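Engineer: Below is the structure, and that's it, no one-letter string:
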């Protein structure tokens, strides 16, 4: 993943956005995501700028999913503006079933045994970038399977992200961990295989969602 610092090239990247393809493929690891997050998080470009460029070429219904995602980014910023350092605390309710406040070593060292996760953590260390769906997977593994409180793992991820944004990162982790949402987000191996285009089996996530929710702490995450 290459991120240019040439402003003309960044504007050309905005012009190349296809929101229809984005909506159809965004959840796949190789989907048509915009890769604009480093420039948005650093203020090189703005959300209204991207919105206006897209709506100049596409109808609203064609761009709706992309606009929704831009709106989420703006919403996280407004929550941060409202509560300040409260984004580093459980906002709506305490994280249920959290048993420790550390980062599972298997995530830090990319040794979970789940190929799509481990490969992309190593890629994160090399490039500073990670697809948003993988960020959700990792948060779910750390918090909802690994029983870690969300704060320390979220700091680890933020530290390595080229597009690190305190509001988007912290509040997305809280959304996954159920402290800023009505329920926790879970992923299993079938879901990871589908969107990562892998065929791995026999991992600690290779089970149904009901079993996953009731799972004991996997050995790999201790």
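Structural biologist: Structure received. Everything numeric here is computed off the predicted structure, so don't read it as measured data.
Engineer: So which residues make contact with the lowest-mean-pLDDT helix or strand in the chain?
Structural biologist: When the helices and strands of the chain are compared on mean pLDDT, DSSP states H and E, helix 209-213 comes out lowest with a mean of 95. By CB atoms under 8 Å, 6 or more residues apart in numbering, the list of residues contacting helix 209-213 from outside reads 145, 186, 188, 205. No exception for glycine: its C-beta is placed from N, CA and C like everyone else's.
Engineer: Please work out which residues outside whichever strand or helix holds residue 13 touch it.
Structural biologist: For residue 13, the host element (DSSP states H and E) is helix 7-15. Applying CB under 8 Å, 6+ apart, the external contacts of helix 7-15 come out as 4, 34, 35, 36, 39, 44, 45, 49, 50, 53, 54.
Engineer: mind listing what's buried in it?
Structural biologist: Residues of helix 7-15 classed as buried: 10, 13, 14 (neighbour count, 16 or more other CB atoms under 10 Å).
Engineer: cool, and stretch 37-53?
Structural biologist: Those buried within stretch 37-53 under the rule 16+ other CB under 10 Å are 37, 38, 39, 40, 41, 45, 50, 51.
Engineer: quick one: contacts for the closest residue in space to residue 77 that isn't next to it in sequence?
Structural biologist: By the measure of CB to CB, 6 or more residues apart in numbering, the closest residue to residue 77 outside its immediate chain neighbours is residue 167, 5.2 Å from it. Applying CB under 8 Å, 6+ apart, one finds that residue 167 lies in contact with 76, 77, 79, 80, 87.
Engineer: Quick one: classify residue 95 as helix, strand or coil.
Structural biologist: In terms of secondary structure, residue 95 is coil; the call rests on DSSP: H, G, I helix; E, B strand; the rest coil.
Engineer: how many other residues sit next to it?
Structural biologist: 21 (other CB atoms under 10 Å).
Engineer: Pull the contacting residues for it.
Structural biologist: Counting by CB under 8 Å, 6+ apart, residue 95 has contacts 143, 149, 150, 177, 178, 179.
Engineer: Then residue 88?
Structural biologist: If a contact means CB under 8 Å, 6+ apart, then residue 88 has 151, 170 as its contacts.
Engineer: Please report the distance of the closest residue to residue 176 other than its chain neighbours from residue 118.
Structural biologist: Spatially, and ignoring its direct neighbours in sequence, residue 176 is nearest to residue 139 (4.0 Å; CB to CB, 6+ apart). Computed with CB to CB, to the nearest Å, the distance linking residue 139 and residue 118 is 16 Å.
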